[in-house]
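> coords please:
(chains A and B)
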Number of protein chains: 2
Amino acid sequence: MSAGIMQLPTTPRLIAGQFCSDGFELAFDQACGDWLDAQPDLPVIACGMVGSAQGWREAAYRETPASVNELSAALQTVRSVRGVTVHIIPGVLQRSTLPNVMRGEETQVLGVLAGMDAGQSSQQLLIGLPGSHSKWVQVERGRIVHFDTFMTGELYAALCAHTILGRTMQPSEAFDEQAFDRGLSIALSDAGSAGPLSTIFSTRTLGLTGQLAASAQPDYLSGLLIGHELGAIARLHLHNHEQLPAVILIGSDSLCTRYARGLAVCGF
Amino acid sequence: MSAGIMQLPTTPRLIAGQFCSDGFELAFDQACGDWLDAQPDLPVIACGMVGSAQGWREAAYRETPASVNELSAALQTVRSVRGVTVHIIPGVLQRSTLPNVMRGEETQVLGVLAGMDAGQSSQQLLIGLPGSHSKWVQVERGRIVHFDTFMTGELYAALCAHTILGRTMQPSEAFDEQAFDRGLSIALSDAGSAGPLSTIFSTRTLGLTGQLAASAQPDYLSGLLIGHELGAIARLHLHNHEQLPAVILIGSDSLCTRYARGLAVCGF
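Presented below is the predicted three-dimensional model:
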């Protein structure tokens, strides 16, 4: 269901001999039909927005702290037209002054934990899932105890497509490391202390004053935003702990490369 | 020229007996023609993007510190079709690690200074011009010595129109003071220390957990962003000065009302 619940198929067709127009059934058959034809007894486990209130079957959020055992005890099931039971993993909710929610990331985190030995998983650990809505998940003794969300990816896209900053940018295929690192270091320096609402304007003014080429502006802005995100993550942790935790990144190679450069600058 | 240089008229017409198709001439005639017909000797002074590289006549940026005398000595002139000389005020450029530029705001600032007596204008003063790109202008002895830009207004518009935050919002005619103040206080509290990239997500999660009505979300987000902007302004000043400066706001009543509430919370 990689297309997501916002892009469900709409063309009815036969599934297991029945004429079907349900978008979730159609998407499930499209994604897993061939596998299930070949091996009808494969267990089916789904996570993410498929379990939201607008999903196939709602799997209500479980609250932090959340472990594999707690989440797996709360699986919701739905019987598909083809007679297969789909198990849906609930998302995780953290109640605090600013509540936080995730759906899907909890499963990726538990996957990482499942691959660790007891020694590794007992240490203080931070799992970063960079993306449209980056999640930073604190794990202690195999449980999700706290997490933060940064809308960095979605904000970056909105700034490039729908503000004046995008007007002077020239898209570039290659990753401009130098421009990215410059943005990173600005965000993490004294000049960055005004915060992202202010520093992002320098994408334009460095261009206006001939100090930043149009083709370097996208990666400079990316470095600025990721720098502000990681600077905040470091500050939040040093506020409560004596040292920065070990970090594991989950995500695409290109995005993890950017975040790894930033983490190194922040001293992780 | 309130329509701005991005929306110049395009329909040619007669001006002073000549058939004219120049957008700047058309806009000028539209904006000032009646006044000049009645009083042909009125002096004409223009500021803002009309003096940019894409404007009617470029008035190159003057660098900080900039005073009335320095800017008025650098006026550019253009002779209009109707025989009137238009004087264009240059914008101001501040060279620093993150350069800053303004066009138009310098004229509003100088207008405020012109109305002050010597005693008032000798004190440390901060002039705030909230808007799409908020400017915070430090004035000393009648000169613009430093300024910062925050893209708060443009970012707010992009978040509402082009991110997931807008999807759960319900526009509201009336100003929801309570929601706005809640956003302000969150941004300025410990919970706000993760910065705007993170706190803005609470517009969604407070809605998901039933703590913030859809109609309250726009003003809550507005309070969050303005709170982060003003918190940064306060920090920047306390980094270099012992106390916060006196502030004068220039802008629309509705926007100045929001900023005045935030300034009060910040101790200005």
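> what about the closest residue to A:Ser132 other than its chain neighbours, distance to chain B?
Excluding the flanking residues, the one nearest A:Ser132 by CB to CB, 6 or more residues apart in numbering or on different chains is A:Gly153, at 3.9 Å. C-beta coordinates here come from the backbone N, C-alpha and C atoms, glycine included. A:Gly153 sits 10 Å away from chain B, taking CB to the nearest CB, to the nearest Å as the criterion.
> give me the pLDDT value at A:Gly153.
We have a pLDDT of 97 for A:Gly153.
> check the secondary structure at it for me.
helix (DSSP: H, G, I helix; E, B strand; the rest coil).
> residues in contact with it?
Residues near A:Gly153 by CB atoms under 8 Å, 6 or more residues apart in numbering or on different chains: A:Pro130, A:Gly131, A:Ser132, A:His133, A:Ser134.
> care to break chain A down by domain?
A:40-149, A:151-266 (the TED database).
> worst mean pLDDT among the ones you listed?
In terms of average pLDDT, domain A:40-149 trails the rest of the domains of chain A, at a mean of 93.
> now check the helix or strand harbouring A:Leu197, is it near chain B?
Using DSSP states H and E, A:Leu197 sits in helix A:196-199. Yes - against chain B, helix A:196-199 shows contacts by CB under 8 Å from any CB of the partner chain at A:Pro196, A:Leu197, A:Ser198, A:Thr199.
> and the next element down the chain from that helix?
Later in the chain than helix A:196-199, the nearest helix or strand by DSSP H and E is helix A:202-208.
> which helices and strands does that following helix pack with?
Helices and strands touching helix A:202-208, by 3 or more CB pairs under 8 Å, 6 or more residues apart in numbering or on different chains; DSSP states H and E, are helix A:164-167, helix A:217-240, strand B:100-102.
> please point out which parts of the second one sit buried.
In terms of neighbour count (16 or more other CB atoms under 10 Å in any protein chain shown), helix A:217-240 has its buried residues at A:217-234, A:236-237.
> stretch A:119-128 now?
Along stretch A:119-128, these residues count as buried under the neighbour rule (16+ other CB under 10 Å): A:Ser121, A:Leu125, A:Leu126, A:Ile127, A:Gly128.
> could you pull out the strands in the stretch 1-150 of chain A for me?
With strands called from DSSP state E, counting those that start in this stretch, the stretch 1-150 of chain A shows them at A:13-15, A:18-20, A:44-46, A:62-63, A:66-67, A:76-79, A:85-88, A:92-94, A:100-102, A:125-129, A:134-140, A:143-150.
> quick one: closest of these to chain B.
Relative to chain B, the nearest member of these by CB to the nearest CB is strand A:143-150, separated by 4.5 Å.
> stretch A:242-258 and chain B in contact?
No - judged by CB under 8 Å from any CB, stretch A:242-258 stays clear of chain B, getting no closer than 14.8 Å.
> how far is that stretch from where the chain is centred?
Relative to its chain's centre, stretch A:242-258 lies at 12 Å (CA atoms, centre = their mean, to the nearest Å).
> also stretch A:152-162?
Worked out by CA atoms, centre = their mean, stretch A:152-162 lies 15 Å from the chain centre.
> and that stretch, what's buried?
Buried residues in stretch A:152-162, counted by 16+ other CB under 10 Å: A:Thr152, A:Gly153, A:Glu154, A:Leu155, A:Tyr156, A:Ala158, A:Leu159, A:Cys160, A:His162.
> repeat for stretch A:107-115
Residues A:Thr107, A:Gln108, A:Val109, A:Leu110, A:Val112, A:Leu113 are the ones in stretch A:107-115 that count as buried (16+ other CB under 10 Å).
> so which of the residues you listed is the closest to B:Thr85?
Nearest to B:Thr85, judged by CB to CB, of those is A:Gln108 at 67.0 Å.
> tell me the contacts of the closest one?
Counting by CB under 8 Å, 6+ apart, A:Gln108 touches A:Leu129, A:Ile250.
> gap between it and chain B?
On the measure of CB to the nearest CB, A:Gln108 and chain B end up 19 Å apart.
> ok so, going back, how about JSON lines for the domains of chain A, with distance to B:Arg182 added?
Formatted as JSON lines, the domains of chain A follow (distance: least, CB to CB, whole Å):
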{"stretch": "domain A:40-149", "distance to B:Arg182": "11"}
{"stretch": "domain A:151-266", "distance to B:Arg182": "19"}
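> near chain B, which residues of the stretch 51-200 of chain A are found?
In this structure, the stretch 51-200 of chain A approaches chain B at residues A:93, A:95-101, A:133, A:148-152, A:154-155, A:158-159, A:161-165, A:186, A:189, A:191, A:193-200, judged by CB under 8 Å from any CB.
> ok, now with 7 Å
Within reach of chain B by CB under 7 Å from any CB of the partner chain, the stretch 51-200 of chain A has these residues: A:97-101, A:133, A:148-152, A:154-155, A:158-159, A:161-164, A:186, A:191, A:193-200.
> of those, just the buried ones, ChimeraX syntax please.
For the buried members of these, the matching ChimeraX selection, counting by 16+ other CB under 10 Å, is:
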select /A:98,99,100,101,133,148,149,150,151,152,154,155,158,159,162,163,186,194,195,196,197,198,199,200
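> what about A:Leu244, how many neighbours?
Counted with other CB atoms under 10 Å in any protein chain shown, the neighbours of A:Leu244 add up to 16.
> against chain B, how distant is the nearest residue in space to it that is not next to it in sequence?
In space, A:Leu244 comes closest to A:Phe268 once its chain neighbours are excluded; the distance is 5.2 Å by CB to CB, 6+ apart. According to CB to the nearest CB, A:Phe268 stands 17 Å off from chain B.
> repeat for A:Gly119
Between A:Gly119 and chain B the distance, using CB to the nearest CB, works out to 31 Å.
> same question, A:Phe24
Plainly put, A:Phe24 is 20 Å away from chain B if you go by CB to the nearest CB.
> thought that residue was touching A:Trp56?
Yes - counting by CB atoms under 7 Å, A:Phe24 touches A:Trp56, with 4.1 Å between them.
> more neighbours, these two?
Counted by other CB under 10 Å, A:Phe24 and A:Trp56 do not tie: A:Trp56 has more neighbours, with 24 against 21.
> can you tell me which of the buried residues of stretch A:152-162 lies nearest to B:Ala213?
If you rank the buried residues of stretch A:152-162 by distance to B:Ala213 using CB to CB, A:Glu154 comes first, at 22.8 Å.
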